[in-house]
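S.K.: okay, sequence plus prediction incoming.
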Amino acid sequence: MLRDYQQRAIDMLNDWFTRHPEGHPVIEMPTGSGKSHVIAAYCQEALAEWPETRILMLTHVKELIEQNAAKMREYWPTAPLGIYSAGLRQRDASQSIVFGGVQSLARKADEIGHVDLLIVDEAHRIPAGAAGQYRKLIDDLTAINPALRVIGLTATPYRLSHGMITDPPALFSSLIVPVTYMELLKAGHLARLTCKRTATTYDLDNVRRRGGEYVEADLDAAVNDLKTNDDVAAEIIQHAGERRSWIVFAVSVAHAYGLRDALLRRGVTAATVVGETPSDERADIIAAFKRGEIQAITNANVLTTGFDAPNVDLIAACRPTLSTSLYVQMLGRGTRTAEGKKDCLVLDFAGIVSTHGPFDNPRPRKPGQKAGDAPVKVCPECDTLVHLSVMECPTCGHVWERKPPSLKLHDDPILSDAAEETIPVTSWNWSIETSAAGKKMLSVRYYPRSLSQPIIRENFVVWHGGSATYMAMKKLAAIAARVNGTIAGLDNGIDELQGWPPPKEISFRRNGKYFDVTRRAW
């Protein structure tokens with residue numbers, strides 16, 4: 001049985017294809033939201049309506065192939081499913097649905113043959129240009145079937161040094177957002193992240209950059225030494241308390257083993273997983289970790305995708321990165337729920353929260369844009385990292401001086417839903433207005449029940465371009481999904497938006513003289 005937002009993802013996808021005879025959409029869904037269930041249900045629905053349909057489900061690591069295939073069999077036990085993966089020692093391309101690895105299939109389009117629908121998990125890995133294994137396979141399959149349609153799925157729809165994966169010359173033309181992390185958090189489907197600034201930090205002044213990311217050899221030289229690793233291990237233990245399942249993200253293979261050894265010296269049961277770890281050994285380590293027999297796993301560039309361990313309740317971020325996608329993927333390992341798990345603590349040794357901003361609302365950089373500080377601050381009493389809008393520390397209760405006082409506060413470290421107020425709404429009104437920069441924008445005013453409450457105005461800069469437009473369209477698409485509306489004809493006017501039913505209440509944060517709407521409830 002699909003959850004409401006999973007069914008909404010399918011409905012929005014079907015609606016998109018109805019309105020777009022050409023092009024390829026990408027669905028953004030948070031880590032832990034059940035993308036594999038959406039894939040399974042969509043494939044079953046497609047084959048039920050068009051039995052001759054051939055579907056290729058493509059990803060880049062065998063763990064994801066196994067997970068997605070297992071979820072398909074769980075949801076649809078009689079699915080006509082084959083697996084084509086050298087790593088899994090299976091090469092079955094004869095079924096209606098084939099789960100495959102891009103490395104195994106990049107030059108095997110002729111063996112796969114006619115494909116009607118290509119679904120790509122972790123679609124942010126597809127490059128913007130025409131190069132790479134993904135694009136070669138897509139081009140070859142399109143030569144066989146010019147009507148091929150591609151569906152992407154990802155929790156991070158942006159690429160390092162490119163921007164959004166829908167920005168030209170990208171393969172994908174539209175972004176579909178059926179649900180957000182904050183909606184799933186409030187519904188109890190995902191776990192909350194909390195964050196601590198650490199006393200141990202890394203000096204990156206001499207670390208070079210290449211292709212928009214830090215050079216790994218320079219990073220390793222900057223962070224990987226015996227004393228620093230011992231300091232990191234001591235601080236992890238200090239902050240962990242009763243937390244029993246830790247994942248540590250390292251810069252390199254040597255760094256991963258160095259951090260493991262530092263933890264072992266302090267009596268922590270720890271193991272390491274790297275790219276060269278044999279498959280059987282990796283599976284044994286992960287299984288022992290999930291059973292609670294291993295307290296900490298250190299890794300280097302391995303456990304960011306294809307790793308599903310709901311018990312993770314502490315993440316040690318020891319891997320500086322300029323990639324917003326990698327940042328979200330690392331922290332996303334802690335957002336799944338588990339019995340007895342209240343939240344997941346992030347120890348930000350690498351300073352990535354300050355670099356990229358709140359986990360639920362990060363700031364992907366445009367090509368050529370320099371990295372800057374994100375809107376977070378540090379509690380002077382306990383070093384907890386919080387959003388700039390937070391005025392009372394959720395960990396120790398420290399209060400920042402402010403004017404005016406007495407806003408209702410929430411426990412919202414590392415997330416953006418802090419300092420919220422909630423009001424009931426009787427109606428709303430949409431309009432197209434001009435921003436201070438002289439650009440056209442969409443605006444909506446929420447009218448409260450009481451004259452003593454403010455009229456809340458929310459702006460959507462859908463015509464500004466870049467990441468600002470991405471965030472605006474993401475919020476607008478989420479509203480449309482709630483009211484079964486569409487934003488396809490937005491460029492032709494706002495008649496449809498005016499007909500949408502308003503929410504019954506909204507939550508918002510004051511941002512100077514403006515308001516940031518954080519929740520809408522119908």
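M.R.: Looks like it arrived, so ask away. Numbers count the residues shown, from 1 in each chain.
S.K.: same for the helix or strand where A40 lies, what does it pack against?
M.R.: Counting by DSSP states H and E, the element that carries A40 is helix 35-49. Using 3 or more Cβ pairs under 8 Å, 6 or more residues apart in numbering; DSSP states H and E, the elements in contact with helix 35-49 are helix 4-19, strand 55-59, helix 62-75, strand 117-121, strand 149-154. (C-beta placed from N, C-alpha, C; glycine too.)
S.K.: what mean pLDDT would you report for that helix?
M.R.: Confidence over helix 35-49, taken as the mean pLDDT, stands at 93.
S.K.: list the buried residues for it?
M.R.: Taking 16 or more other Cβ atoms under 10 Å as the neighbour-count basis, helix 35-49 is seen to contain the buried residues K35, S36, H37, V38, I39, A40, A41, Y42, C43, Q44, A46, L47.
S.K.: got the contact list for the last one?
M.R.: Looking back up the chat, that one is L47. L47 is in contact with T53, I55, P80, S96, I97, counting by Cβ atoms under 8 Å, 6 or more residues apart in numbering.
S.K.: which pair in those spans the largest distance?
M.R.: Greatest spatial distance in the contacts of L47: T53 and P80, 10.4 Å, computed using Cβ to Cβ.
S.K.: which neighbours do these two share?
M.R.: For the pair T53 and P80, residues contacting each of them under the criterion Cβ under 8 Å, 6+ apart are L47, S96.
S.K.: residue ranges in this protein under the pLDDT threshold?
M.R.: Where the chain drops to pLDDT under 70, the residues are 161-162, 365-398, 402-413, 416-419, 466-467, 488, 512-513.
S.K.: need the residue closest to the centroid of it.
M.R.: Closest to where the C-alpha atoms of the chain average out (Cα atoms, centre = their mean) is A155, at 3.3 Å.
S.K.: my read: that one touches Q329, true?
M.R.: Yes. When contacts are counted by Cβ atoms under 8 Å, A155 is listed as touching Q329 (7.2 Å).
S.K.: now which of the contacts of L47 would you call buried?
M.R.: Applying a neighbour-count criterion of 16+ other Cβ under 10 Å, the buried members of those are I55, S96, I97.
S.K.: now render the helices and strands packed on helix 35-49 as a markdown table, adding distance to V302.
M.R.: Below are those laid out as a markdown table (distance: least, Cβ to Cβ, whole Å):
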| stretch | distance to V302 |
| --- | --- |
| helix 4-19 | 28 |
| strand 55-59 | 15 |
| helix 62-75 | 10 |
| strand 117-121 | 17 |
| strand 149-154 | 19 |
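S.K.: and of those, who's closest to N361?
M.R.: Comparing the helices and strands packed on helix 35-49 by Cβ to Cβ, strand 149-154 comes nearest, at 16.5 Å.
S.K.: who touches the helix or strand that comes right after the closest one?
M.R.: The C-terminal neighbour of strand 149-154 among helices and strands, as given by DSSP H and E, is strand 158-159. For strand 158-159, the external contacting residues (Cβ under 8 Å, 6+ apart) are H124, P127, A128, M164, I165, T324, S325, P364, S467, Y470.
S.K.: what does stretch 222-239 give?
M.R.: Counting contacts by Cβ under 8 Å, 6+ apart, the residues touching stretch 222-239 from outside are 196, 198-200, 202-204, 206-207, 246, 248, 250-252, 254-255, 258-259, 261-263, 265-266, 268, 296, 314, 316, 318, 320, 345, 347, 349.
S.K.: got the residue ranges for the strands in the stretch 51-200 of the chain?
M.R.: Using DSSP state E, counting those that start in this stretch, the strands of the stretch 51-200 of the chain run over residues 55-59, 81-85, 90-91, 97-101, 117-121, 149-154, 158-159, 163-164, 174-176, 192-197.
S.K.: for the first one, packing partners?
M.R.: Right, strand 55-59. With contacts taken as 3+ Cβ pairs under 8 Å, 6+ apart, strand 55-59 sits against helix 35-49, helix 62-75, strand 97-101, helix 102-105, strand 117-121, helix 133-144.
S.K.: go on, the fifth one?
M.R.: The criterion is 3+ Cβ pairs under 8 Å, 6+ apart, and the helices and strands that strand 117-121 contacts are helix 35-49, strand 55-59, helix 133-144, strand 149-154.
S.K.: quick one: closest of those to V483.
M.R.: When the helices and strands packed on strand 117-121 are ranked by proximity to V483, the top entry is helix 35-49, at 20.6 Å, counting by Cβ to Cβ.
S.K.: which residues are in contact with R244?
M.R.: Taking Cβ under 8 Å, 6+ apart as the contact definition, R244 lies against G292, Q295, N311, D313.
S.K.: contact partners for the second one?
M.R.: I take that to be Q295. R244, S245, W246, V268, T269, A270.
S.K.: tell me the one of these nearest W400?
M.R.: The shortest gap between W400 and any of these belongs to W246, at 30.7 Å (Cβ to Cβ).
S.K.: can you tell me which residues contact the closest one?
M.R.: I236, A240, Q295, A296, I297, V312, D313, L314, I315, A316.
S.K.: thinking again about what came up before, for the helices and strands packed on helix 35-49, which one sits closest to G493?
M.R.: For the helices and strands packed on helix 35-49, proximity to G493 was assessed by Cβ to Cβ; helix 4-19 is nearest, at 16.3 Å.
S.K.: can you map out the strands along the stretch 401-522 of the chain?
M.R.: Listed in chain order, the strands of the stretch 401-522 of the chain (DSSP E, counting those that start in this stretch) span 421-434, 440-448, 456-460, 505-511, 514-521.
S.K.: so which of those strands comes closest to A70?
M.R.: Of all these, strand 514-521 sits nearest to A70, with 34.2 Å by Cβ to Cβ.
S.K.: now that closest one against strand 456-460, angle please.
M.R.: In terms of direction (axes from the mean of the first three to the mean of the last three Cα atoms, to 10 degrees), strand 514-521 departs from strand 456-460 by 90 degrees.
S.K.: list the helices and strands strand 514-521 packs on?
M.R.: The elements that strand 514-521 packs onto, with contact taken as 3+ Cβ pairs under 8 Å, 6+ apart, are helix 181-186, strand 456-460, strand 505-511.
S.K.: tell me which of the ones you listed lies nearest to E339.
M.R.: Among those, the nearest to E339 by Cβ to Cβ is helix 181-186 (17.5 Å).
S.K.: distance between the ends of stretch 319-339?
M.R.: Distances were taken as Cα to Cα, to the nearest Å; on that basis the terminal residues of stretch 319-339 are 29 Å apart.
S.K.: let me fix that, I meant to ask about stretch 141-160.
M.R.: Stretch 141-160 stretches 27 Å from its first residue to its last (Cα to Cα).
S.K.: for that stretch, buried residues please.
M.R.: Under the neighbour-count rule (16+ other Cβ under 10 Å), stretch 141-160 has 141-142, 148-160 buried.
S.K.: tell me, how many residues neighbour G275?
M.R.: Other residues within reach of G275, judged by other Cβ atoms under 10 Å, total 10.
S.K.: need the contact list for it.
M.R.: Contact partners of G275, counting by Cβ under 8 Å, 6+ apart, are V253, A300, N301, V302.
S.K.: if I look at the last one, how far off is A256?
M.R.: Distance of V302 to A256, computed by Cβ to Cβ, to the nearest Å: 9 Å.
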